[in-house]
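Trainee: compute the structure for the input listed below.
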Amino acid sequence: MSPYEAPANGSKLSSRYRSKSIHRPGLKPVDKSNSSYTGILDEGKPFALAETPLPEESPWREALSPGWSIGFQNMAGPMPSTSYPRPPPRPLIDYVTNGWMTAEQKHSNLGPNSKAGGSNYCPASMKGLLILASAPRLRRYIIVYLILLWICLGSWIKLVSPRLREHNDLLRALDPNFGDGLRGWFGLNSMPKFNDLVYLRSLDPTLLPGEKEPTADNPHKKRLIVIGDVHGCLDELETLLQNVNFEPRQGDHLIFTGDLIAKGPKSTGVVDLARKFHASCVRGNHEDRVLLTRRHIQAEASTKSERSAAEEPDQIDDDIEPANRERALANELTDEQAKWLDACPVMLKVGFIKHMGEVVVVHGGLVPGIDLESQDPSTVMSMRTIDIFSHVPSASSKGVSWTKLFNKHQTMLAVSRQSAPLGERTQYPAATTVLYGHDPHRSPVLKKYTKGLDTGCVKGGKLSAMVIGDGGTSHIVSVRCKNYTQKR
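Mentor: You can find the predicted model right below:
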């Protein structure tokens, strides 16, 4: 039999199961003779727990909620044993006070030897700020905010502010009223004319690509291949033509943006190739100087005896001064080659191409707002930057690029043309896109209305071409070049 099972014959309980008197301090003794008293065990059911009344002064009654009226009488189990600690009448948290916060302190001393009004004297409010400032989290926040402030300030000074200032300057520079205040813009006055210079020429319209892309029903296919500064790099030019699958019999036509000659090793070979394929070209600053040098040589020959071959260099040498190299190249050109170069205009008016508008090819650039006939030919061949207020172009690289002013001017014209009534839109000139060279970059500089194709081939960069096909489609093809400017 298990020690916890009741005896089957109703024998007396052992001491293990007998009820023991429980004495708790503070409680009245229980009168067992009272009829209302029942032991812990019911005599009819020896192992059933009896109901034990809860004394009125028991601290357990105080712990119960006032809404409970049953006390422990409906709870099963014996009364709590005195071996457990007596629960406090209230939670310990109720005894915790914040007196240190409510204590009034008018002043606080930072040091044990400091006195009121002394050098270390500090108000309590100031000490609280110092304690707050010394918090690690606050210090981290301050560092993050300072970094963000430094980034925003640097972005404003280096990026946003210059762009806004440049934008306002461009708008002001293109204001006609502002130009009148300067007695007109550059190019509005009459320009000198040169009889030995071709100013403007138009491309044969039959060479232009079609407005619609070629299809099976309409296999019409023509391409314009506009090539940047070659500078006598014949091998790279031949490689480029192979990469673009140049087929003159299929309607492909070459256009050079000037500076076919000079600096590179095979200038005359480049001229012969261009003549062979009946290419179009514009006059660059190097062609202009070499042709002027050739005329000067011919003028000297008519007044003086011809120099011997030993006095004149018969081929280009990198060790020779630039003026002498140009003189050597001028002597190297044949009459047919010089005549072909002399026929290259300063500006080539290509015509209308879809998605590009009226296309013009020049070597240097154009002054915005000036007709092609009124452009200064010397600056068209050599300009890189432009004065933003007087519109005077410059060959220097320091300043505002002429392309910024030109693109802004064309954008303003496009907005005015779109916002004008239908009957008045023809009063505005059509959009003009300029293809140019002269200003070398690592890659073509392609903007909305200007396309720079000089990628520094002669200095080890690339030789680039823009291929314009039917429907106004265009893409760039480039090849690597050797560096021909290094001393051997």
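Trainee: tell me where the stretch 251-400 of the chain has helices.
Mentor: If DSSP state H, counting those that start in this stretch is used as the criterion, the helices of the stretch 251-400 of the chain fall at 267-276, 285-303, 322-332, 335-342, 377-382.
Trainee: can you list contacts of the first one?
Mentor: Outside of helix 267-276, the residues that reach it under the criterion Cβ atoms under 8 Å, 6 or more residues apart in numbering are 230-234, 237-238, 254, 256, 260-261, 264, 281, 316, 329, 332-334, 336-337, 340-341. Just so you know, the C-beta spots here come from the backbone N, C-alpha and C atoms, and that holds for glycine as well.
Trainee: emit the ChimeraX select command for whichever of those are buried.
Mentor: Restricted to buried positions by 16 or more other Cβ atoms under 10 Å, the ChimeraX selection for these reads:
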select :230,231,232,233,234,237,254,256,260,261,264,281,316,329,332,333,337,340,341
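Trainee: can you give the domain ranges for the protein?
Mentor: For the chain, automatic domain parsing gives the domain ranges 1-99, 136-173, 192-480.
Trainee: my guess is residue 381 meets residue 346, correct?
Mentor: Yes - judged on Cβ atoms under 8 Å, residue 381 makes contact with residue 346 at a distance of 6.3 Å.
Trainee: got any residues that touch both of these two?
Mentor: By Cβ under 8 Å, 6+ apart, residue 381 and residue 346 have these common neighbours: 283, 362, 363.
Trainee: just the buried residues of those.
Mentor: Burial by neighbour count, 16+ other Cβ under 10 Å: within the shared contacts of residue 381 and residue 346 this picks out 283, 362, 363.
Trainee: tell me the one of those nearest residue 409?
Mentor: Of all these, the one with the least separation from residue 409 (Cβ to Cβ) is residue 362, at 15.7 Å.
Trainee: mind putting the domains of the chain into TSV with mean pLDDT?
Mentor: Formatted as TSV, the entries for the domains of the chain read as follows, by pLDDT from 0 to 100:
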stretch	mean pLDDT
domain 1-99	54
domain 136-173	81
domain 192-480	88
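Trainee: pick the most buried one from those domains.
Mentor: Stretch with highest mean neighbour count among the domains of the chain: domain 192-480 (a mean of 18; mean count of other Cβ atoms under 10 Å).
Trainee: over to residue 434. Which of the three states is it?
Mentor: strand (DSSP: H, G, I helix; E, B strand; the rest coil).
Trainee: doesn't residue 360 make contact with it?
Mentor: Yes - between residue 434 and residue 360 a contact is recorded at 5.4 Å, counting by Cβ under 8 Å.
Trainee: report the set of residues contacting both of the two.
Mentor: Counting by Cβ under 8 Å, 6+ apart, the shared contacts of residue 434 and residue 360 are residue 366.
Trainee: tell me the contacts of residue 233?
Mentor: With Cβ under 8 Å, 6+ apart as the criterion, the residues that contact residue 233 are 264, 265, 266, 270, 457, 458, 463, 481, 482, 484.
Trainee: could you verify that the fifth one is part of a helix?
Mentor: It refers to residue 457. No - Residue 457 sits outside any helix when classified using three-state DSSP, being coil.
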